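Visitor: here you go, sequence then predicted model.
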Number of protein chains: 6
Amino acid sequence: MVYLTRVEHFNAAHKLWNPSWSPEKNNEIFGKCANENWHGHNYEIHVTIKGETQKETGFIFNAKRLSAIINEYVCDKLDHKNLNLDVDFIKGEFTTAENLTIKIWEQLQPVLQAESVQLHCVKLFETPRIYVEYYG
Amino acid sequence: MVYLTRVEHFNAAHKLWNPSWSPEKNNEIFGKCANENWHGHNYEIHVTIKGETQKETGFIFNAKRLSAIINEYVCDKLDHKNLNLDVDFIKGEFTTAENLTIKIWEQLQPVLQAESVQLHCVKLFETPRIYVEYYG
Amino acid sequence: MVYLTRVEHFNAAHKLWNPSWSPEKNNEIFGKCANENWHGHNYEIHVTIKGETQKETGFIFNAKRLSAIINEYVCDKLDHKNLNLDVDFIKGEFTTAENLTIKIWEQLQPVLQAESVQLHCVKLFETPRIYVEYYG
Amino acid sequence: MVYLTRVEHFNAAHKLWNPSWSPEKNNEIFGKCANENWHGHNYEIHVTIKGETQKETGFIFNAKRLSAIINEYVCDKLDHKNLNLDVDFIKGEFTTAENLTIKIWEQLQPVLQAESVQLHCVKLFETPRIYVEYYG
Amino acid sequence: MVYLTRVEHFNAAHKLWNPSWSPEKNNEIFGKCANENWHGHNYEIHVTIKGETQKETGFIFNAKRLSAIINEYVCDKLDHKNLNLDVDFIKGEFTTAENLTIKIWEQLQPVLQAESVQLHCVKLFETPRIYVEYYG
Amino acid sequence: MVYLTRVEHFNAAHKLWNPSWSPEKNNEIFGKCANENWHGHNYEIHVTIKGETQKETGFIFNAKRLSAIINEYVCDKLDHKNLNLDVDFIKGEFTTAENLTIKIWEQLQPVLQAESVQLHCVKLFETPRIYVEYYG
C-alpha cells in the first residue's frame, strides 16, 4: 500500500457564529473569528489517496487527474468564496476548519470511489499554524 | 547601515470592486476577486527598518518594540477584519495588495519616525505567490 | 474522529552530554552537540488533539485555548531557556529531541485530559531537517 | 515508541514512459512527464525510524548516523543522476514517485535492520505539491 | 513606485557542459552537474514589476495577466523540458541559473514593455539553497 | 550584473548582555534574551555575490566554491558554538543579529575579494520572523 498526496489551495472568507447565542456569547467563544463583517484565509489542502501501483503506469492514480478532481469538486467551489454564504455544501453549518475538512472529504470520497480510488486523508491548513486532518 | 526585518501576520476578508463600474465590468477586470460576498487571505507582513547599531545594545532598534508597534498600528487593526468595511485607514479605497502596502507604510512611518527609526520597506504577501514591496 | 493541530515555537540552548563518559567519548558519540559551552535551536512544536466536533461550536476544542495551554505549560517554560539548566521537567536528563518530545507530552497530557481533550501526538522540529513524533 | 525523522534531498532527471505503448498513448497518459528529452525535480526525502530511547544517549538512533546511511545508500546514488538511466535499483522500471519511494525503502530497510533500527516510513516530495509515503 | 511580484514554477532537466573542454575538465569544474545523462530541478521564478497604482483599479498591473504572461512566455516553454535540448531561447548556451535568469528576463521584458509595464527583477530559485537575481 | 545567492545554516547559543548594566537593566532592555544560562537559534545565512557571467562556464562564480568558503570561514566557526564564548570574531561584543551579520560580512569579504568575487549582501535569519541584511 502506497500513499499519494496532492496539495491544492483556495482563498475564502468566513466567520464563526452561533445564531442561537447572543453576540456577547459569540464574541466570548469565537473571539475575533466572530467578526460580523467576516475575515478570511489562504487555505491549503492536502488530499491523500492510497492503493497499489498499477503495472502499466507505476502510478496508484494519475496525480493530474487527482488534481483535476480536487479542483472541480472542492477548490472551484470554495476559491474566492464566502464559506458561510456561497458554498452549498457547508452554508448553514459552522465553517470551522474541522467541519470544512469533513465536508471536503464528503465531496471527494464518492467521486474518488467512482474511479476506484481509496481516499485516505484530507488535511486542511487554515493558517500555517492551525491544521485539521480527517480520515473518514 | 544595517537593515532589520520583523515578520508579522494577520487574516482578513476583502473584495476588489469599482463602484463606478457595472458588475460585468467588475467581474471582467477583477475576476473572482470581485465576489460580492468577499473572500480572504492570510497576509504576511515584513517590516524593514534601517540604521546603525547602537553602542549600548548592538541593536539598530529593539525587535520586540518593533513587533509591538507593528501589532498596535497595523495587525490589531487588520486581523480578523474586513478590509473594505472595518479598517479606517483603507475603507472606501481599493483594497488591492498594492494599496494596502502603501497604507500600512503610512501607518508605520510616522510612529517609527517619532522613535527616530527609519522605515525602509514594507513587504506584504497576499498569498505565498503574490507579494508587494513599497519603499515610500 | 477529527485531528486538530496547533503549531507553536520556542528558542532554547542545550547540549548533549553523558556525565558518566569521558569528554572523548562524549565527543565521539554526540559530536558537535557535546560542545561544553552549549548550542541552540529554534524549536517548532506541533500539538495534535483528536475528538468529535461539538454541536454548539463545530470545534473539537477551541484552538485559542489549545494555544494558551501549550504556551503556559510548554513554551513559556522552554523559550529562551537552557534546557539542561533551567527547565524543571527535563534537567538532569538527556535533552535530545526524543526526550524533549516525551517530556512535552507528559506536560500536556494531564492538562488536556483535565479539559476532556485527547492528546494524539506531539511533533517537535529541532531543525527543519530533524523532527520527532510521540503518541504516548 | 518514538519516531525520529531525518530530511535529505537530491536533484535528478527522469521521464515517465511505457515502452509497450505508442508515443501517442504515452503522451495521453503521462502528459508532459513523457517528454523524451527528460525533465527533473528537486526531490526531498523524509526517512522516519521508530524505537525506544537508549539509556546511555537519550537517542533512539544517532541522527548523524541516520543521515550518513541515507546519503550513502540513497542520495549519493540518485543526486544529479538520471533515474531511468543511471540508477541500478530503479532503471528499467517506471520512475514514478510511488515506485521511487518503494525502491528507496528497499535500499534502506536492510541496512537499518542490520543496525537494529526499525524503518517506519519513507516520504518523498517530488515537488512541494506532490508527495508519496510508504510504510513497507 | 510600488513593486509587485508574482511567483510561478516549472520543472526541467539540464546539464552543465563546456563542449570545448575534455570530460575530465568538465567534471572538475562542473562536478555532478556535468552528468552526461542530465539531472533536474523544480525551478521557482519570482517576476517583479514596478509602477504606480492605477486610479481605476488600485493595481499597478493585473496579477492574473502577469501570471498569464509568465506562463505563456516562460513556464510553458520550460516546464517538463530539457533546457539544453528543447528550449529555443537557451539551447546551445550554458544552462546555468545565471544564464537562465538572464534569458527569462529577455523573454519577458519586451512583452511587458508592450503592455507599458516596467520589469524590475527576475529571481530564479534553482534549489531552495541557490538563487539568482537579474535587474536587466 | 547578476546576483547569485547561496543559503547555508548553523545552530548556535548566545545571550544578549551589557556588562556595564545591572541585571535589572539587562532584563528590562534585552528581556528573555538576557537569560544568563543562554538560549539559541537555528540561524540561516544567505550570501549574495554579484558579477558578470564568465564565458567559459556561464557562472559568475562556482556555487560549490562559494558554499565551501561560507562553510570554512563562517559556518564551521559558528555551528554548534556559543557565540559569546567560542567565536573569535564576535566574542566580547554584542551577539545581536545585527552585529553577527556585520561580523560575517567581515569574515567573507576579504576571502571573496581574494578570489576576485564581489560580495553584495549578507542576510541572516535569527528566526523565521527576524532577519538582518548588510551590504558593507
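Guide: Arrived safely, thanks for sending. Nothing here was measured: the structure is a model prediction, and the numbers come from that model.
Visitor: what average pLDDT does stretch A:38-57 get?
Guide: Stretch A:38-57 comes out with an average pLDDT of 98.
Visitor: now do that stretch: distance to the chain's middle.
Guide: Distance of stretch A:38-57 from the chain centroid (Cα atoms, centre = their mean, to the nearest Å) equals 10 Å.
Visitor: then stretch A:79-92?
Guide: When distances are taken as Cα atoms, centre = their mean, stretch A:79-92 is centred 12 Å away from the chain's centroid.
Visitor: now do the strands in chain A.
Guide: Here chain A has its strands, by DSSP state E, at A:2-14, A:39-51, A:81-82, A:118-127, A:130-134.
Visitor: so which of these is nearest residue D:92?
Guide: strand A:2-14 (19.3 Å; Cβ to Cβ). To be clear about C-beta, it is placed using only N, CA and C from the backbone, and glycine gets the same treatment.
Visitor: thinking again about what came up before, make a markdown table from the strands of chain A and add mean neighbour count and distance to chain B to it.
Guide: Shown next, in a markdown table, are the strands of chain A (neighbours: other Cβ atoms under 10 Å in any protein chain shown; distance: least, Cβ to the nearest Cβ, whole Å):
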| stretch | mean neighbour count | distance to chain B |
| --- | --- | --- |
| strand A:2-14 | 23 | 4 |
| strand A:39-51 | 22 | 1 |
| strand A:81-82 | 24 | 4 |
| strand A:118-127 | 20 | 5 |
| strand A:130-134 | 21 | 10 |
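Visitor: may I see those strands organised as a markdown table, with distance to residue C:132 added?
Guide: A markdown table is the format used below for the strands of chain A (distance: least, Cβ to Cβ, whole Å):
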| stretch | distance to residue C:132 |
| --- | --- |
| strand A:2-14 | 21 |
| strand A:39-51 | 21 |
| strand A:81-82 | 38 |
| strand A:118-127 | 20 |
| strand A:130-134 | 19 |
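Visitor: distance to chain F for these - can I get that in CSV?
Guide: Output for these, formatted as CSV (distance: least, Cβ to the nearest Cβ, whole Å):
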stretch, distance to chain F
strand A:2-14, 20
strand A:39-51, 17
strand A:81-82, 30
strand A:118-127, 14
strand A:130-134, 17
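Visitor: out of those, flag the one nearest chain D.
Guide: strand A:2-14 (4.1 Å; Cβ to the nearest Cβ).
Visitor: do the closest one and chain D meet at all?
Guide: Yes - residues of strand A:2-14 contacting chain D under Cβ under 8 Å from any Cβ of the partner chain: A:2, A:3, A:4, A:5, A:6, A:7, A:8.
Visitor: may I ask which two of those are separated the most?
Guide: Using Cβ to Cβ, those span at most 20.0 Å, a distance reached by A:2 and A:8.
Visitor: in chain A, what residue comes closest to chain D?
Guide: Relative to chain D, the nearest point of chain A is residue A:58 (2.6 Å; Cβ to the nearest Cβ).
Visitor: check contacts around that residue.
Guide: Counting by Cβ atoms under 8 Å, 6 or more residues apart in numbering or on different chains, residue A:58 touches D:16, D:93, D:94, D:95, D:96, D:98, D:99.
Visitor: for residue A:94, which non-adjacent residue is spatially closest?
Guide: residue C:58 (2.6 Å; Cβ to Cβ, 6 or more residues apart in numbering or on different chains).
Visitor: any idea how far that neighbour lies from residue A:87?
Guide: Separation of residue C:58 from residue A:87 (Cβ to Cβ, to the nearest Å): 14 Å.
Visitor: then residue A:79?
Guide: Distance from residue A:79 to residue A:87, by Cβ to Cβ: 10 Å.
Visitor: these two: which is more packed in?
Guide: Neighbours were counted for residue A:79 and for residue A:87 using other Cβ atoms under 10 Å in any protein chain shown; residue A:87 has more, 20 against 17.
Visitor: so who does the more buried one touch?
Guide: Contact partners of residue A:87, counting by Cβ under 8 Å, 6+ apart, are A:77, A:78, A:81.
Visitor: can you add distance to chain C and pLDDT and give the residues you listed back as CSV?
Guide: Shown next, in CSV, are the contacts of residue A:87 (distance: Cβ to the nearest Cβ, whole Å; pLDDT from 0 to 100):
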residue, distance to chain C, pLDDT
A:77, 19, 98
A:78, 16, 98
A:81, 18, 98
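Visitor: adding distance to chain E, write those out as a markdown table.
Guide: Below are the contacts of residue A:87 laid out as a markdown table (distance: Cβ to the nearest Cβ, whole Å):
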| residue | distance to chain E |
| --- | --- |
| A:77 | 20 |
| A:78 | 18 |
| A:81 | 17 |
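Visitor: okay if I get these as JSON lines plus distance to residue C:73?
Guide: Shown next, in JSON lines, are the contacts of residue A:87 (distance: Cβ to Cβ, whole Å):
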{"residue": "A:77", "distance to residue C:73": "40"}
{"residue": "A:78", "distance to residue C:73": "35"}
{"residue": "A:81", "distance to residue C:73": "38"}
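Visitor: who does residue A:43 form a beta bridge with?
Guide: In this entry, residue A:43 is beta-bridged to residue A:10, by DSSP bridges.
Visitor: residues in contact with it?
Guide: Applying Cβ under 8 Å, 6+ apart, we find residue A:43 in contact with A:9, A:10, A:11, A:12, A:78, A:100, A:124, A:125, A:126.
Visitor: check contacts around residue A:97.
Guide: Neighbouring residues of residue A:97 by Cβ under 8 Å, 6+ apart: A:124, A:126, A:130, A:131, A:132, C:4, C:63.
Visitor: so which pair among those is furthest apart in space?
Guide: A:124 and C:63 (12.9 Å).
Visitor: now chain A against chain F: closest residue?
Guide: residue A:128 (9.9 Å).
Visitor: now that residue: phi and psi?
Guide: As for residue A:128, its main-chain torsions (degrees, to the nearest 10) stand at phi -60, psi -10.
Visitor: that one touches residue B:42, doesn't it?
Guide: Yes - with contact defined as Cβ atoms under 8 Å, residue A:128 and residue B:42 form a contacting pair (7.3 Å).
Visitor: any weak-confidence spans in chain A?
Guide: Residues of chain A meeting the criterion pLDDT under 70: none.
Visitor: residue numbers of it in contact with chain D?
Guide: So chain A meets chain D at A:1-8, A:48, A:53, A:56-60, A:62-64 (Cβ under 8 Å from any Cβ).
Visitor: could you redo the last one with a cut-off of 10 Å?
Guide: A:1-9, A:44, A:46, A:48, A:50-64, A:66-67, A:120 (Cβ under 10 Å from any Cβ of the partner chain).
Visitor: check chain A for the residue nearest chain C and tell me.
Guide: Counting by Cβ to the nearest Cβ, chain A gets nearest chain C through residue A:94, at 2.6 Å.
Visitor: what about that residue, neighbour count?
Guide: By other Cβ under 10 Å, neighbour count at residue A:94 equals 24.
Visitor: give the contact list for it.
Guide: Contact analysis of residue A:94 by Cβ atoms under 10 Å, 6 or more residues apart in numbering or on different chains lists A:14-18, A:30, A:83-84, A:100, C:53-59.
Visitor: same thing with residue A:42?
Guide: Going by Cβ under 10 Å, 6+ apart, residue A:42 touches A:9-12, A:125-128, B:11, B:39-44, B:125-129.
Visitor: with residue A:80 instead?
Guide: A:10-13, A:40, A:86, B:15, B:30-35, B:37-40.
Visitor: how does it look with 8 Å?
Guide: A:10, A:11, A:12, B:31, B:32, B:33, B:35, B:39.
Visitor: do residue A:100 as well
Guide: A:43, A:83, A:90, A:124, A:132 are the contacts of residue A:100 under Cβ under 8 Å, 6+ apart.
Visitor: nearest to residue B:111, of those residues?
Guide: Residue B:111 lies nearest to residue A:43 out of the contacts of residue A:100, by Cβ to Cβ, at 32.7 Å.
Visitor: now that closest one: how far from residue A:7?
Guide: Counting by Cβ to Cβ - residue A:43 and residue A:7 are separated by 11 Å.
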